[in-house]
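# show me how the following folds:
(4 chains)
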Number of protein chains: 2
Amino acid sequence: MAERGRPRKFDRAAALRRAMEVFWERGYEGTSLSDLTTAMGINPPSLYAAFGCKEALFREAVALYEATEGSATESALRDAPTAREAVAAMLRDNVNAYACPGKPPGCMIVLAATLGAPENKGVCNYLAECRRKVQDALQRRLERGVIEGDVPAGTDTAALAAFYTTVLQGLSIQARDGAPRARLQAIVDCAMAAWDQLTRPPNRRAGSRSTTAPKRKARVP
Amino acid sequence: MAERGRPRKFDRAAALRRAMEVFWERGYEGTSLSDLTTAMGINPPSLYAAFGCKEALFREAVALYEATEGSATESALRDAPTAREAVAAMLRDNVNAYACPGKPPGCMIVLAATLGAPENKGVCNYLAECRRKVQDALQRRLERGVIEGDVPAGTDTAALAAFYTTVLQGLSIQARDGAPRARLQAIVDCAMAAWDQLTRPPNRRAGSRSTTAPKRKARVP
DNA sequence: TCAGTTATGTAGCGATTGATACATAAACTG
DNA sequence: CAGTTTATGTATCAATCGCTACATAACTGA
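Numbering: from 1, shown residues only, chains lettered A, B, ... in the order given. Purely as a prediction, here's the structure:
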């Protein structure tokens, strides 16, 4: 099982990490092959031999991102003892990751390919699926909270998961726009302030009236 | 003051609208000049004579977007009688805009140029400034609520504005990922459920402890 | 009628895009 | 050693990128 042929001259893992950093900073369409080969310190044939094509390299870069920079979400949801603490830890740890000095601000999976040309739709859909998986994992964690008793039965776990995922995704935009860590954390605190209200049993919930059609006349002070 | 020279053969406003739709759907870097001229029904020289260059056309398209599709935010903040109703209306109206059939889902200003190549940094910064203006307008509306008495004095209007702006921006990602209007509205309801807690006077606020460093041991059910 | 002015269509600019052909280099096996 | 296999560097490829030169068309005012 020994390696055949001429051995690779560069460190594949290190080169992949460089590629990830460039994609994270500039996005998929904003990164050219020239940008990649320069950052990775290799020539195009080496890149194609080792990674296949630009899109395949990007997918590997996303996988690396998930396993390293983006691992806070999974570990928070897994390790926290209650659903509430899991959500709070997930948001807090991601805030720390989004505002880490020396690294691109915000989440690569949220930012690197929101829109794009039709020929890059595969990339956009791939990231969308990654985002959906995060939301699903959050919802499962909430449902586990219902089973374990720290979240009341009847809680709308799907809505709750969608809400906190939305906040998480919005935080990436805020981080890219230059919001410092303290402000991101303040946003998280605001989001967590809704927890008690959102996990109140439906029958005695107070502030859950819909905002789609205000029933009563506005109170003018 | 009559017009000199050969008159323009195409409708400039209509062509700009077509350009806006393409940018909205594919983003700045995902849209080529060929895409634009095809959608606008004109040839490159006409585009450059009428709009200058790709970036100038994009900025005009953004301005058109703000004046039409994105006008809900401004009108909601201006017309609602209380700050709370203003925020609720802003979120609700934007949800309706984000999930409007036949139009690209989500907000163009949030999605069209999150990341990009260094040479397109001007475009990204321009959109970031647009987003900051929305957040500033929201904060001013909250401060008006403090003055008019429907928001308690001492409320952290900056944090509140950042929070609801974050939700608004996250909703664009959710919309692009295919969330139907009902789910987007459910997210808005979750965000509004935090209002009472966030506008409670600071001294008797209950759930405002920071999540940065949990002080007490987790409660295990 | 005739400059002067502006818009249009054709055709193509230099540069860059993602991706390769090809000869050579460096390892292994026999 | 020869033969096989794989990686590397050079030097591109066709296609597309954003953009424009140029001749002509269609209007104005004098």
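# any idea how far the closest residue to DNA strand D within chain A is from A:Gly41?
Across chain A, the shortest distance to DNA strand D (CB to the nearest atom of the strand) belongs to A:Gly5, at 1.9 Å. Where C-beta positions appear, they are placed from N, C-alpha and C, glycine not excepted. Distance from A:Gly5 to A:Gly41, counting by CB to CB, to the nearest Å: 21 Å.
# between these two, tell me which one has more neighbours.
Using other CB atoms under 10 Å in any protein chain shown, the more surrounded residue of A:Gly5 and A:Gly41 is A:Gly41, with 13 against 5.
# burial check on the nearest residue in space to the more buried one that is not next to it in sequence, number of neighbours?
Ranked by CB to CB, 6 or more residues apart in numbering or on different chains and with sequence neighbours excluded, the top spatial neighbour of A:Gly41 is A:Phe10, at 6.5 Å. By other CB under 10 Å, 14 other residues sit near A:Phe10.
# quick one: secondary structure of A:Phe10?
The local conformation at A:Phe10, judged by DSSP: H, G, I helix; E, B strand; the rest coil, is coil.
# any idea how far the residue of chain A closest to DNA strand D is from A:Leu57?
Counting by CB to CB - A:Gly5 and A:Leu57 are separated by 21 Å.
# the residue of chain A closest to DNA strand D and B:Glu21: what is the separation?
Distance from A:Gly5 to B:Glu21, by CB to CB: 52 Å.
# go on, A:Glu25?
Where B:Glu21 is concerned, A:Glu25 sits at a distance of 29 Å (CB to CB).
# in chain A, which ranges drop under the pLDDT threshold?
A:1-2, A:202-221 (pLDDT under 70).
# does the longest helix seen in chain A reach DNA strand D?
Ranked by residue count and defined by DSSP state H, the top helix of chain A is helix A:121-148. No: under the criterion of CB under 7 Å from any atom of the strand, DNA strand D is not reached by helix A:121-148; the shortest gap measures 14.4 Å.
# what's the answer for stretch A:49-57, then?
Yes: legend: contact between stretch A:49-57 and DNA strand D by CB under 7 Å from any atom of the strand is shown at A:49-50.
# which non-adjacent residue is nearest A:Ala15?
Looking at A:Ala15 with CB to CB, 6+ apart, the closest residue is A:Met40, at 4.1 Å.
# pull the number of nearby residues for that neighbour.
24.
# could you do the one 3 residues further on as well?
As a burial measure, A:Asn43 scores 11 neighbours (other CB under 10 Å).
# for the one 4 residues further on, same thing?
Taking other CB under 10 Å as the criterion, the count of residues near A:Leu47 is 20.
# ok, A:Ala86 - contacts?
Going by CB atoms under 8 Å, 6 or more residues apart in numbering or on different chains, A:Ala86 touches A:76-77, A:79-80, A:141, A:145.
# out of those residues, which touch chain B?
A:Ala80 (CB under 8 Å from any CB of the partner chain).
# scan the contacts of A:Ala86 and report the most crowded one.
A:Gly145 (24 neighbours).
# now for the strand or helix carrying A:Asp35, which elements pack on it?
Secondary structure from DSSP states H and E places A:Asp35 in helix A:33-40. If you count contacts as 3 or more CB pairs under 8 Å, 6 or more residues apart in numbering or on different chains; DSSP states H and E, helix A:33-40 packs onto helix A:12-26, helix A:44-51, helix A:54-67.
# quick one: contacts of it?
A:10, A:15, A:18-19, A:21-22, A:26, A:43-44, A:47, A:54, A:57, B:117.
# okay, buried residues for it please.
A:35-37, A:39-40 (16 or more other CB atoms under 10 Å in any protein chain shown).
# just the angle for it relative to helix A:44-51, thanks.
With axes from the mean of the first three to the mean of the last three CA atoms, to 10 degrees defining the directions, helix A:33-40 sits at 80 degrees from helix A:44-51.
# helix A:33-40 and DNA strand C in contact?
Yes: remark: helix A:33-40 sits within contact range of DNA strand C at A:33-35, by CB under 7 Å from any atom of the strand.
# one more: stretch A:107-116?
No: using CB under 7 Å from any atom of the strand, stretch A:107-116 never reaches DNA strand C; the gap is at least 11.6 Å.
# wait, A:Leu138 sits on A:Met90?
Yes: with contact defined as CB atoms under 8 Å, A:Leu138 reaches A:Met90; the gap is 7.3 Å.
# between these two, what contacts are shared?
A:77, A:164.
# circling back to that earlier point, who has more neighbours, A:Glu25 and B:Glu21?
A:Glu25 (21 against 18).
# for that one, which residues are in contact?
So A:Glu25 contacts A:104, B:115 (CB under 8 Å, 6+ apart).
# hmm, 7 Å instead?
By CB atoms under 7 Å, 6 or more residues apart in numbering or on different chains, the contact set of A:Glu25 is A:Pro104.
# for chain A, what lies in contact range of DNA strand D?
A:4-10, A:42-46, A:49-50.
# can you rerun that using 6 Å?
Proximity of chain A to DNA strand D, by CB under 6 Å from any atom of the strand, involves residues A:4-6, A:8-10, A:42-46, A:49.
# just the buried ones from these?
The buried subset of the residues of chain A next to DNA strand D - by 16+ other CB under 10 Å - is A:42, A:46.
# picking that back up, okay, the contacts of helix A:33-40 in CSV with distance to A:Ala158 next?
Conversion of the contacts of helix A:33-40 to CSV gives the following (distance: CB to CB, whole Å):
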residue, distance to A:Ala158
A:Phe10, 46
A:Ala15, 41
A:Arg18, 39
A:Ala19, 36
A:Glu21, 35
A:Val22, 36
A:Arg26, 34
A:Asn43, 49
A:Pro44, 46
A:Leu47, 42
A:Lys54, 36
A:Leu57, 35
B:Ala117, 38
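# about what we covered before: check the offset of the helix holding A:Asp35 from the chain's centre.
25 Å (CA atoms, centre = their mean, to the nearest Å).
# now it against helix A:54-67, angle please.
40 degrees.
# around DNA strand C, pick out the residues from chain A.
Residues of chain A lying near DNA strand C (CB under 6 Å from any atom of the strand): A:2, A:4-7, A:32-34, A:44-45, A:48, A:53-54.
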